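Peer 1: Task: produce atomic coordinates for the following.
(one chain, ligands or ions: 1)
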Amino acid sequence: MPASFVHYKVNVPEIDDAHWDLLSTMRLINQFGAEHNIEQVKLLTGRLGDKLKLHQAYEESLMESAGYLYLNSHKNAHREVESRLAEFQSAVNRNLAYSHMADSMMDMLRHHIDEIDRQSFEWMAAHPHQSE
Ligand SMILES: [Fe+2]
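Peer 2: You can find the predicted model right below:
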């Protein structure tokens, strides 16, 4: 994990690892895209979708057990990321021009991690769960 990623950390190690993996995968997709290696782009875009779903479901389960107050709006944000990724995947698989979608996918992932996840994990750190 490079120093530049420190900026994105939410300070929950397994979440930071998963975020780093998602952003790295997206960056690799762009690198293969620049090399016109469409088979790798398709493979990695599929993999990104699987990783994203697992990761977001895991995040939601952490938030749920922490009693996170704004869980529903976070879940809505996750569904938006998933549907943007589904559109991106569909363009890639149909061999359509996708570079603008790749850019907006990267922006959306960065924004989600840097703003939405950070706020949520800060809230959870400030409101430790009271067990009965
Ligand atoms: Fe999230």
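
Peer 1: Point out the residues in this protein that sit beside the ion.
Peer 2: Residues of the chain lying close to the ion (CB under 5 Å from the ion) are 59, 117. Every C-beta, even on glycine, is put in place using the N, C-alpha and C of the backbone.

Peer 1: Repeat the analysis, applying 8 Å as the threshold.
Peer 2: Residues of the chain found near the ion (CB under 8 Å from the ion) are 56, 59-60, 74, 77-78, 81, 112-113, 116-117, 120.

Peer 1: and which of these is nearest Ser90?
Peer 2: Relative to Ser90, the closest of these is Val81; by CB to CB it sits at 15.0 Å.

Peer 1: can you tell me the helix or strand for that closest one?
Peer 2: Secondary structure here is read from DSSP states H and E; on that basis Val81 sits in helix 71-93.

Peer 1: Check which helices and strands that helix sits against.
Peer 2: With contacts defined as 3 or more CB pairs under 8 Å, 6 or more residues apart in numbering; DSSP states H and E, helix 71-93 has these neighbours: helix 38-65, helix 99-111.

Peer 1: Now do the SS call for the one residue in the chain that gets nearest to the ion.
Peer 2: With CB to the ion as the measure, Asp117 is the residue of the chain nearest to the ion, at 4.3 Å. When states are read from DSSP: H, G, I helix; E, B strand; the rest coil, the local structure at Asp117 comes out as helix.

Peer 1: What's the per-residue pLDDT of it here?
Peer 2: Taken from the predicted model, the pLDDT recorded for Asp117 is 97.

Peer 1: Please consider this matter closed, and thank you.
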